[in-house]
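**Q** give me a 3D structure for the following:
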Amino acid sequence: MPLVKYSAWRILLFVGALGAGYLLGLRSWLLLLVALIVAFAVSYLALSGPRDAAARWLAERAERRKAAPRVTKDADSDFEDSVVDQEPRGSKDGD
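**A** Here you go, the predicted structure:
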């Protein structure tokens with residue numbers, strides 16, 4: 001799945017930026033802030049292919065879900081009514 005690959009790459013970039021920042025002597029919230037900015041910038045520039053693939057995959061998935069038939073509440077209740085109508089009258093649970 002392209003979305004999983006893209007997310008994994010982004011996480012790896014963030015962890016790499018954290019490690020590099022730590023080795024350079026950054027600490028505390030500054031380390032997190034710099035790593036976040038660096039990982040965002042690098043992923044924006046370097047991961048355009050995986051990002052586009054993930055966006056296409058999500059769009060196709062949304063179209064498939066939109067085109068798929070849905071079970072509505074009315075259809076569900078109609079089915080339940082048909083099952084209840086088929087049961088013999090006068091029978092009780094546990095007989």
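**Q** the chain: helices as residue ranges?
**A** In the chain, the helices defined using DSSP state H lie at 2-23, 28-46, 48-67, 73-86.
**Q** any buried residues in the first one, and which?
**A** Right, the one you point to is helix 2-23. Of all the residues in helix 2-23, those buried under the rule 16 or more other Cβ atoms under 10 Å are 2, 6, 9-10, 13-14, 17-18, 21. (C-beta placed from N, C-alpha, C; glycine too.)
**Q** between those residues, which sits nearest Asp85?
**A** Pro2 (48.0 Å; Cβ to Cβ).
**Q** show me the contacts for that closest one.
**A** Counting by Cβ atoms under 8 Å, 6 or more residues apart in numbering, Pro2 touches 50, 53-54, 56-57.
**Q** cool, and Ala39?
**A** 10, 13-14, 16-17.
**Q** let's have the residues you listed in a markdown table, adding distance to Val42.
**A** A markdown table is the format used below for the contacts of Ala39 (distance: Cβ to Cβ, whole Å):
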| residue | distance to Val42 |
| --- | --- |
| Arg10 | 9 |
| Leu13 | 5 |
| Phe14 | 9 |
| Gly16 | 9 |
| Ala17 | 7 |
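**Q** if we can go back for a sec, can you list the helices of the chain in JSON lines and add mean pLDDT?
**A** Shown next, in JSON lines, are the helices of the chain (pLDDT from 0 to 100):
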{"stretch": "helix 2-23", "mean pLDDT": "93"}
{"stretch": "helix 28-46", "mean pLDDT": "94"}
{"stretch": "helix 48-67", "mean pLDDT": "91"}
{"stretch": "helix 73-86", "mean pLDDT": "74"}
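**Q** now restrict the contacts of Pro2 to buried residues only.
**A** Among the contacts of Pro2, those classed as buried by 16+ other Cβ under 10 Å are 50, 53-54, 57.
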